[in-house]
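Asks: mind looking at a prediction? Sequence and model below.
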Amino acid sequence: MAQKTYRIGDVANLMGLSRDTLRYYEKRGILSSKKEENGYRYYTEEDIYRLFSILYQRKMDIGLDDLEQIWSQDLSVSSLSQIMKNRMEEEKMAIRRHQQTMARLNLTSEDCENIKNHMDQVILKNSPRSHIIVPHAGFSESLALWFQYAQKYPGLDMMYIFDEYNWDPEKEDLGITYKNSQLVLHADLAEYVDYDLSPESHPIMQPSLCMTRIRISQQRIPTAEDLLPMLQWAKEQELMVSRQFYCTFMLQGLSEGCQSCYIQLYVPVF
């Protein structure tokens with residue numbers, strides 16, 4: 001039975017491809033065509049069937065190098081199977097990175113909502129249940145460690161730095177003094193992190209009831225102005241408060257032309 005033939009323009013329109021793409025496939029040895037006596041390029045139905053397979057394989061993101069391997073030699077099911085396995089592993093990694101990106105977006109979106117809804121308010125809530133990644137670090141050291149962990153372990157860039165401070169009611173400006181820093185990861189983000197988070201290696205910091213307040217500041221270090229309204233509110237509510245409190249920074253950017261960040265304070269209550 002005589003096969004119908006197709007010119008390059010017909011194939012381009014049929015497949016939704018450009019002529020340049022078809023020519024490039026031919027140049028790479030993936031596709032073939034014949035020339036008529038008048039010099040026009042044409043494809044047989046057999047070539048069209050082959051192009052169907054090529055386009056399907058391209059939809060699986062099979063690279064041109066692999067396509068050359070598939071179409072430039074006798075069909076090897078073993079070779080094709082290995083290419084499929086390699087692609088599946090690549091796709092799994094891409095899905096994993098996509099999930100981590102979605103987790104980052106969700107985390108930042110939640111921070112934005114908390115800032116919009118609770119800026120400068122004193123509210124009572126539990127501290128986040130978190131894995132302690134680094135239990136003890138100095139003020140500057142904690143930043144360096146954050147970068148080291150974040151670069152080495154995908155997903156750990158979602159850690160927060162929790163700075164611990166003491167305050168003293170007998171001292172002017174509350175005598176706020178820095179004590180220690182921790183790197184923590186919220187427990188509900190553990191599934192998005194490529195890192196060993198077993199309870200044995202990284203214990204979980206359980207939630208505790210705290211007063212919290214979000215402030216905008218040009219520095220990471222909290223001041224008496226940030227803390228005093230919280231202490232006054234606790235007094236009005238007849239709550240006992242810890243002499244230790246925690247501060248973490250959420251978002252950073254420009255505010256009125258100055259580099260600023262949103263900080264969140266946590267003061268445990270009893």
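Replies: That came through, no problem. Residues are numbered from 1 along each chain as shown.

Asks: Ser201: neighbouring residues, count only.
Replies: 11 (other Cβ atoms under 10 Å). The way it works is simple: take the backbone N, C-alpha and C, and place the C-beta from them, glycine included.

Asks: that one: what secondary structure?
Replies: On the three-state scheme (DSSP: H, G, I helix; E, B strand; the rest coil), Ser201 is labelled coil.

Asks: pLDDT value on the residue nearest in space to the middle of the chain, please?
Replies: By Cα atoms, centre = their mean, the chain has its centre lying nearest to Thr101, at 2.9 Å. Turning to Thr101, the model gives it a pLDDT of 97.

Asks: surely it is in a helix?
Replies: Yes: with three-state DSSP as the criterion, Thr101 is assigned to a helix.

Asks: so who does it touch?
Replies: Counting by Cβ atoms under 8 Å, 6 or more residues apart in numbering, Thr101 makes contact with nothing.

Asks: from His131, how far off is it?
Replies: Per Cβ to Cβ, to the nearest Å, Thr101 is found 20 Å from His131.

Asks: try Ile123
Replies: 24 Å.

Asks: against Tyr178, how distant is the nearest residue to Gln182 once chain neighbours are set aside?
Replies: Distances taken as Cβ to Cβ, 6 or more residues apart in numbering place Phe162 nearest to Gln182, at 4.7 Å, with adjacent residues excluded. Separation of Phe162 from Tyr178 (Cβ to Cβ): 12 Å.

Asks: which element, helix or strand, includes the residue of the chain most remote from its centre?
Replies: No residue in the chain sits farther from the centre than Glu37, which is 57.8 Å out by Cα atoms, centre = their mean. Glu37 is part of no helix or strand, with elements assigned from DSSP states H and E.
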